[in-house]
Structure formats: C-alpha cells, structure tokens
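Engineer: Build me a model from this:
(chains A and B)
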Amino acid sequence: MSRRRSGFTFSVLAFGYAFLYIPLVSVIIYSFNDSRLATVWGGFSTRWYGELMRNEQVLTAAFLSLQIAVVTATLSTIFGTMAGMALARFRRFRGRTLFSGMVTAPLVMPEVITGLSLLLLFVSLQQLIGWPAQRGFSTITMAHTTFALAYVTVIVQSRLAAMDESLEEAAMDLGGRPLRVVFDITLPLIAPAMVAGWLLAFTLSLDDLVIASFVSGPGGSTLPMVIFSKVKLGVTPDINALATLFIAIVSLGVVIAWWAALRSRR
Amino acid sequence: MTSGDGRGTLWQRVTIAIPYLWLLVFFLAPFAIILKISFADPIIAQPPFTPLLDESGSPHITADNYTFLLTDKLYIVTYLKSVFMAAVATVLCLMLGFPMAYGIARAESAVRNILLLLIILPFWISFLLRVYAWMGLLNNYGLINNLLLWLGVIQQPVQLIYTDFAVYIGLVYSYLPFMVLPLYATLERMDPDLVDASQDLGASPAQAFRDITWPMARPGVIAGCLLVFIPAMGEYVIPYLLGGPESLMIGRVLFDEFFVNRDWPLASSVAILLLMLLVAPIAFLQRQRREEVEGG
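Structural biologist: Presented below is the predicted three-dimensional model:
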C-alpha cells in the first residue's frame, strides 16, 4: 500500500471517529455545566445529576422501561433461539421461506409501520376478544419482543451456521435423545450468542421510542417517551446528565465484556 | 439433528411452531389489519374508523384515502423527498463508511479490535440521546457556531439546526455503523496482496480499486446501502428533532396523521404506500442474507 493512500485512510478514520464521538463528549462536558444556558459555561457542577435523581417522572419511566426491557430480552432470547435453531438446523420444513422472511423483515422495517400495525392489531383484538383490556406494559413488551426476537434469531443462526454440526451428530449417534443433545451440547455452545442476543434485545427495548408511542396507553410512559417530550422543547441540562449516565454505563459494560473476551481467549 | 423428511420429532415441531405462531400473530396479521383499515373511512368513534361491514352486512370499502394520497401534491412531494433524502444519506454513509471500513480491515489486529469496538459502542447508547447530542452542537449558539464565530469564518450564527443539512447529519450519524460493519466483513476477507500484485503489474491505484477492491466489496456495499436506506425512509425522530418545516419525510407525516389528526385510515394507507416502496429493497436484502448465511 502506498504511503499516500494510507495517509488518506488515516485522515478519513480520524474524521469518522471524531464525527462519532464529538457529540458524545460535548454532552458529557455540558452535563457538568452549572449554567442553565447551553451557551455559557457557568462553572463545574453536579447539580443536574441531583435534579435528575429527584425527578419523579423520569424515575418512574426509567423503572417501567427497565421492567419492559428485562421481560422483552428474556422472551425474545427464548423465541429467537428457537427460531435460530429451526433455521440453522432443520433444513426443510413446511413454510420455511415465509418463516425466514418474517424473521428478517422486522430488522429493517421502519418503526412507524411496525408501531402502527401492532397498535391496530391490539385494538382489533380488544374489539374481538376483549384482550388486551389496557395498553401499557404488556402491549409494549409484546411489540418489543416481536422485533427484538429477529435480532436474537440472526445472532443465534449465524453462530450455529459457523459451528460444526459433528458434535451434535456424534451425540445423536451415541444414542442421545434429541432434547438432551440440545440441552447438553447445543445450548452450551451457543450460550455466548444467547447472551449477546439478550443484551442486544435489552438495549433495543430500552431505546425504542416510536413503537412504544404507538402501542402504549395512558399512564404507560417509557423513559424514551419522557425524554422525547422534554427534548422536543430544546436542550435541557438534566437530559445531558441522563445521557452522560447512559454513556458511562454502556462504555463500562462494553469495556468489561471486551476484557472478559480477551481473558477467556488466553 | 437434520431432519430430511420435513416432519421431524415432536420437539422439533414445537421449536418451529412457537416462534412461527408468534410472528404470524404479531408480525404478519397486523399487515392484513393495516390493509383493511386503509380502505375505511375515518369517523369520530372508538376506534375511529368505519367497520368493513356496516349494520346491514354490506361491505363498506373506500379507496378515498389512496386517491387522496396519490393526487395531493403535499403527499407526493413527501414521498419523493423521503426517497431523495434517504438516498443522499445512504451515499454519504457509503462515502464515509467505505474508507473507514477499509482502514479498519487493513489495521493491525490489536488496533482493529479497538477500532471495531469504537464503531459498535455508540450503537449501544440510546439513539434518541445521540440525536439529542446533535441538537446541542448544531444550535444557533452551539459548539459549531461558536467555533466558526471564534475562528472568524462567520460574523453571525448560521442556521444549522431545523434544516435538511441537520437531518443529513443525523441520518449519517445514526446509520453509519450499519454501513461500516457489513463493508468491514467483506473487506476483511479480501487478500491485500491482490491489490499489491495488480499495482506491481502496472495498474494505477484507481484501476486497482475499480477492478479489484470494489467488485470484491460489492456484497458488503449492497447490504450496507440497504441497511441504511430502508430504515432511513421511515425515520421519524431525526426529521422531527433536527429538521425544519421543509424536511418532509413519510415517517413524520404518518406519525402526525395518526397522533395529531387522528386519521387512522389515512395513516394506514400512508403506511401501505411506504411499504410498497420498500418491498423490493427488503426482498433483495433477504435474498442476499439467505445466500450469505445458507450458502445459496
């Protein structure tokens, strides 16, 4: 590779990473700004963190979002693992094309369409069978599980596709019952993919604004819905503090995961 | 494990049936309902649309929503503008993402892992909060304007936020990882010796790029472009928070039609028309993925 070319690549990389990280850094800096105005530096202060912790509305919404995210991640990991195994290991079954289509389409489906279609489903079901009687926790969880399970499926399926089938086949040849082979051989092997899928589903659920706005009902405000209603009106210092907390938690989690992966490889 | 006859054991059937049923109910059935309601009239009731069959049992179907959408200038402009803005954002992502993915793929393996990690990291931080971060930067009194004023490039703050420019920034910022990752996956598999060999044989860097790097990266380019273009078409948050009145995008119109005007049938037909625009790219992406994972 010529020197000129690597110089170009280096500048693009530097520009790209600056583009990705300058907004995050600026939010972190402004979260410690004592002034209410985003334009003036009023000195270092942690008052916005204190104000955030006293904000009842934000705390309630955060708790609701966390509950939804845990249930969503767990359900979609179970369903997604099943779907991933079906697609990677059962080569032929009736309706396979439709199944693989339904699994991947939610990955790219615009959120406004998913949200609207699920709300109309819930409204129609309520008319027909009286369930779900209320929209909120349960409807948001079902909606989130539907699109998050697609991500888990893709992760599990690629892991299984990259994995040798011979271990499972050997266990079968030695007389292992199919269900035992799954629990003793397949699941332990794909456990890392399931953990990654759970975490991704958790994050996606915690992050979603549009779908939750459609399928939620009165009183069911998730954290992104509360953030959105505040942010609509412009930059607010306590949201800077909230964003900084998010960035800190995610970075910490990623660094720990990375360190664990490095250690396990040695 | 591999069932050849397509019947399989009981537990195999259960493994397939549970996610299958879930997706049939929560993914496929809702589209039928959207389609149905897009042919209804809005009424002031709960729910706010006319039933498919009225009291006498005769069908009540109207194509008014579609005739309205296809003849109203505002909606036609919105559809065209969404396609245009999503396409521009895709090209910008490709122009920035390709050299980045190339640089990452050619870095030493220790550096490469950190670079990849840094691409994925923002993806785990709330999307809404990342778009919000740009509101602070693009503000009339935000970092960018202050920097330009301080450098003396401008005398007065420039309007950056609430413009199409800001929407492009937001789209490229949010969807860049979706472009870089598939590109990286194909470029990493490529043997760098090929490019060197072609240059030793007298090819210019541009020729080497056109004849070797680009064709080999094509699957990644296609996957990356579709992963950016399709969701960007229906984007709501970015045009709402960063865009101005002229940044018309279908996702935003659909959202407003539903929540502000409470016209569910019209919102449904907006969704159906958006879906029709996206059916071809989605099907294309699916075929690509199937070839990738299942080897043809």
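Engineer: in the chain, what spans have low per-residue confidence?
Structural biologist: Because you didn't say which chain, this covers chain A. By pLDDT under 70, the weakly predicted segments of chain A are A:1-5, A:38-39, A:265-266.
Engineer: Chain B, not that one
Structural biologist: Confidence mapping of chain B against pLDDT under 70 gives the ranges B:1-8, B:293-296.
Engineer: Closest to the centroid, which residue in it?
Structural biologist: Per Cα atoms, centre = their mean, the C-alpha nearest to the average position across chain B is that of B:P231, at 2.0 Å.
Engineer: My guess is that one contacts A:P110. True?
Structural biologist: Yes. Taking contact to mean Cβ atoms under 8 Å, the distance of 5.8 Å between B:P231 and A:P110 places them in contact. No exception for glycine: its C-beta is placed from N, CA and C like everyone else's.
Engineer: Near whatever residue of the stretch 151-296 of chain B ends up closest to chain A, how many other residues are there?
Structural biologist: The minimum distance from the stretch 151-296 of chain B to chain A, using Cβ to the nearest Cβ, falls at B:G234 (2.2 Å). For B:G234, the count of nearby residues is 27 (other Cβ atoms under 10 Å in any protein chain shown).
Engineer: who's in contact with stretch A:253-266?
Structural biologist: Applying Cβ atoms under 8 Å, 6 or more residues apart in numbering or on different chains, the set of residues contacting stretch A:253-266 from outside is A:L199, B:N113, B:L117, B:I120, B:L121, B:W124.
Engineer: touching chain A at all, the helix or strand that contains the third one?
Structural biologist: Under the criterion DSSP states H and E, the helix or strand holding B:L117 is helix B:109-124. Yes. Counting by Cβ under 8 Å from any Cβ of the partner chain, chain A has neighbours in helix B:109-124: B:N113, B:L115, B:L117, B:L118, B:I119, B:I120, B:L121, B:P122, B:W124.
Engineer: OK, contacts around the third one?
Structural biologist: Put plainly, it is B:L117. A:V254, A:W258.
Engineer: Quick check: which element contains whichever residue of the stretch 151-266 of chain A sits closest to chain B?
Structural biologist: Of the stretch 151-266 of chain A, the residue with the smallest distance to chain B, taken as Cβ to the nearest Cβ, is A:A243 at 4.2 Å. When elements are assigned from DSSP H and E, A:A243 belongs to helix A:237-265.
Engineer: Tell me the spacing between B:I161 and A:W198.
Structural biologist: B:I161 sits 37 Å away from A:W198, taking Cβ to Cβ, to the nearest Å as the criterion.
Engineer: between the residues of helix B:109-124 next to chain A, which is nearest chain A?
Structural biologist: Within the residues of helix B:109-124 next to chain A, distances to chain A taken as Cβ to the nearest Cβ reach their minimum at B:W124, with 4.6 Å.
Engineer: Now the closest one: closest residue in space that isn't a chain neighbour?
Structural biologist: Distance criterion Cβ to Cβ, 6 or more residues apart in numbering or on different chains; nearest residue to B:W124, sequence neighbours excluded, is A:V250 at 4.6 Å.
Engineer: The one you found reaches B:L121, doesn't it?
Structural biologist: Yes. Taking contacts as Cβ under 8 Å, A:V250 lies within contact range of B:L121: 6.9 Å.
Engineer: neighbour-wise, which of those two wins?
Structural biologist: Relative neighbour count places B:L121 above the other of A:V250 and B:L121, with 20 against 17, counting by other Cβ under 10 Å.
Engineer: can you count the residues close to the residue nearest to the more buried one when sequence neighbours are not counted?
Structural biologist: For B:L121, the nearest residue in space outside its immediate sequence neighbours is A:V254; the separation is 5.6 Å by Cβ to Cβ, 6+ apart. Residues within reach of A:V254, counting by other Cβ under 10 Å, total 17.
Engineer: Same check on A:A105?
Structural biologist: Applying other Cβ under 10 Å, we find 23 residues neighbouring A:A105.
Engineer: That one contacts B:P30, doesn't it?
Structural biologist: No. With the criterion set as Cβ under 8 Å, A:A105 and B:P30 do not qualify as a contacting pair; they are 11.9 Å apart.
Engineer: For chain B, give me its nearest residue in the stretch 1-150 of chain A.
Structural biologist: Relative to chain B, the nearest point of the stretch 1-150 of chain A is A:P110 (2.2 Å; Cβ to the nearest Cβ).
Engineer: Count the residues that sit near that residue.
Structural biologist: Residues lying near A:P110 (other Cβ under 10 Å) number 24.
Engineer: Just give me the residue right at the centre of chain A.
Structural biologist: Centroid check for chain A by Cα atoms, centre = their mean gives A:L204 as the closest residue, at 2.1 Å.
Engineer: what's near enough to touch it?
Structural biologist: Taking Cβ under 8 Å, 6+ apart, we find A:L204 in contact with A:H144, A:F147, A:A148, A:Y151.
Engineer: helix or strand for it, which one?
Structural biologist: Per DSSP H and E: helix A:187-207 holds A:L204.
Engineer: Give me the buried positions along that helix.
Structural biologist: Neighbour-count burial for helix A:187-207 flags A:190, A:193-194, A:196-207 (criterion: 16 or more other Cβ atoms under 10 Å in any protein chain shown).
Engineer: Please apply the same query to stretch B:204-212.
Structural biologist: Judged by neighbour count using 16+ other Cβ under 10 Å, the buried positions of stretch B:204-212 are B:P205, B:A208, B:F209, B:I212.
Engineer: Between the two ends of that stretch, what distance do you get?
Structural biologist: Length of stretch B:204-212, first residue to last, Cα to Cα, to the nearest Å: 12 Å.
Engineer: same thing with stretch A:124-137?
Structural biologist: Comparing the first residue of stretch A:124-137 with its last one, the separation is 18 Å (Cα to Cα).
Engineer: List the contacts of it.
Structural biologist: Residues lying outside stretch A:124-137 but in contact with it, judged by Cβ under 8 Å, 6+ apart, are A:64, A:67-68, A:119, A:122, A:138-139, A:215-217, A:219-220, B:33, B:47.
Engineer: try 10 Å this time
Structural biologist: When contacts are taken as Cβ atoms under 10 Å, 6 or more residues apart in numbering or on different chains, the neighbours of stretch A:124-137 outside the stretch itself are A:64, A:67-68, A:71, A:119, A:122-123, A:138-139, A:142-143, A:212, A:214-222, B:25, B:29-30, B:32-33, B:36-37, B:46-47, B:51.
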